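# Have a look at this prediction, sequence included:
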Amino acid sequence: MPAHILIVDDDGSHRTVLRTIIEDWGYEVSEAPDGETAVAMTQERPYDSVLMDIRMGGMDGITAQKQIAKHNPSIPVLIMTAYSSINTAVLALKQGAYDYLIKPLDFDVLKLTIERMLDHTRLAEENRSLKENNSVKNQFGMVGSSERMHELVETVTTVAPTHAPVLITGESGTGKELVAKAVYQASERSNKPFVTINCAALSESLLESELFGHEKGAFTGADKRRDGLFWQANGGTIFMDEVGEIPLSLQAKLLRVLQQGELQRVGSDAILHVDIRVIAATNRDLQEEVANKTFREDLFYRLNVIGLEVPSLRERQADIPLLAEHFMNMYAAKYGKNIVGFSPQAMDALVNCPWPGNIRELENTMERAVIMATTEYITDRELPANLRKAFLEQTGTNAGSVELPLGDVSLESLEKRAVQAALKKHKKKVDAANALGITRATLHSKIKKYGLEESKRK
């Protein structure tokens, strides 16, 4: 079924031209002659997108866009504006419009922008469907609907009932500890202790004492005997995060625990027997560490009896809307905010962000957005400037798009870019002036103001 686009313009001939072109592209089209009619029509049915002029008799495009966003912010609205109304178009962007194009329209740019808008609508619909029918959020607490997440959950379910060691690999911030807890919760040891340690957080001497325990007087400050984490986890599970950071001198002792279930407290000759399942995690390439002689090969193979790789967020892009909504709801409840969703621009930025910090970065971003939100919807204004900038750089911008994060938009920068785009497109200045809707004298003034003539000669 083709996407349905609503064209809103009080110029009947312009609506007819747009309708003919857009229908030729394979879309279904409806028309509205003014803002009031457009608002009423969007309340009657959920259009896939709206293409709307700013200046119209009666309710203008800005007011209509605001009303549409209030009723259904998931409908992306593309604004059409004359060059002289760029500042008004920026206002529309700030209150939730998807993008704007400058008249006279470049139909190639219009087609690409509509395709990008509809990609957003499609993604939102897929997200709703997946959330209702295919989400893997379950007793493990993992959120996702992507194929990678389904595979990971199926593997966890299969291997959890065994007693074999598990090595979880993946980039920082991907949720390796959550996967470790999932293995523990689905295992036969779920009613036994679950002990965690970050191996990178302690010095070699402290790590040895923390893991294996020590006798009274074993070293300065050891005023009493202390049981180590392995002993505390006896019968249960120990999760060793950043296991690749364990010094070589301690790796032999860890191997002994894995192979014989034996350990010795620091300062003691007595051998203690423990029954422990070890789940380890690392963001390092341990095979490379083995090749570099910084990690024992026998220990690596003993830890890696069952290997689980946690995908990065960019490898499970389809899960971003679900995760964003999950964190939005969590922090909205924490901070007592009534937030019900995202604007189209905000969700586009979230989905297209590369997320080098993975889920941890997304969670922090959503906490910030919830704190900063002043309405029921999170918009791109609440997102960090670097995220918005990265989104614009990754997706590219057209001649009528804002190329700066909205929080940093200046009318002069937009004006300069619009003039540059017109000069680049039209060989004759008179044609560039006509395209911008200004006089040739005004165009010369702008060229001089921004030093464009000089840059053109260069």
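Looks like it arrived, so ask away. Residues are numbered from 1 along each chain as shown.

# roughly how far is stretch 95-105 from the heart of the chain?
Average the C-alpha atoms of stretch 95-105, do the same for its chain, and the two points are 25 Å apart (Cα atoms, centre = their mean, to the nearest Å).

# in that stretch, what counts as buried?
Within stretch 95-105, the residues that qualify as buried by neighbour count (16 or more other Cβ atoms under 10 Å) are 95-103, 105. (Glycine included, C-beta is placed from N, CA and C.)

# which ones among these are found in strands?
With strands taken from DSSP state E, the overlap with these comprises 99-102.

# Make a markdown table from the residues you listed and add distance to residue 368 to it.
As requested, these are arranged in a markdown table below (distance: Cβ to Cβ, whole Å):
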| residue | distance to residue 368 |
| --- | --- |
| 99 | 24 |
| 100 | 27 |
| 101 | 31 |
| 102 | 33 |
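
# and which of those is nearest to residue 221?
Nearest to residue 221 among those: residue 99, at 63.7 Å, using Cβ to Cβ.

# Contacts for stretch 174-193, please.
Contacts of stretch 174-193 from elsewhere in the structure, counted by Cβ atoms under 8 Å, 6 or more residues apart in numbering, are 139-142, 152-153, 156-157, 159-163, 166, 168-170, 194, 196, 232-237, 239, 241, 277, 279, 281, 283, 308, 310-313, 358-359.

# Go again with 7 Å.
Stretch 174-193 is touched from outside by 139-142, 156-157, 159-161, 166, 168, 170, 194, 232-233, 235-237, 239, 241, 277, 279, 281, 308, 310, 312, 358-359, with contacts defined as Cβ atoms under 7 Å, 6 or more residues apart in numbering.

# May I see the buried residues of it?
Judged by neighbour count (16+ other Cβ under 10 Å), stretch 174-193 contains these buried residues: 174-177, 179-187, 189, 192.

# In helices, which of those residues appear?
Secondary structure from DSSP state H places 176-177, 179-185 of the buried residues of stretch 174-193 in helices.

# Distance to residue 364 and pLDDT added to the residues you listed, as CSV?
Shown next, in CSV, are these (distance: Cβ to Cβ, whole Å; pLDDT from 0 to 100):
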residue, distance to residue 364, pLDDT
176, 17, 95
177, 16, 95
179, 20, 95
180, 21, 96
181, 20, 95
182, 22, 94
183, 26, 95
184, 26, 95
185, 25, 92
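
# can you tell me which two in those are farthest apart?
Spanning the widest gap among those are 176 and 185, at 15.0 Å by Cβ to Cβ.

# low-confidence ranges in the stretch 251-400 of the chain?
Of all residues in the stretch 251-400 of the chain, those with pLDDT under 70 make up the ranges 391-400.

# For it, which segments count as strands?
When assigned using DSSP state E, counting those that start in this stretch, the strands of the stretch 251-400 of the chain occupy the ranges 262-263, 272-273, 277-282, 306-309, 341-342, 377-378.

# Highest mean neighbour count across these, which stretch is it?
By mean neighbour count, with neighbours taken as mean count of other Cβ atoms under 10 Å, strand 277-282 ranks first of the strands of the stretch 251-400 of the chain at a mean of 25.

# picking that back up, quick one, which of the strands of the stretch 251-400 of the chain gets closest to residue 212.
Counting by Cβ to Cβ, residue 212 lies closest to strand 262-263 out of these; the figure is 5.3 Å.

# Pretty sure residue 306 sits against residue 159.
Yes. Using Cβ atoms under 7 Å, residue 306 is in contact with residue 159, at 4.8 Å.
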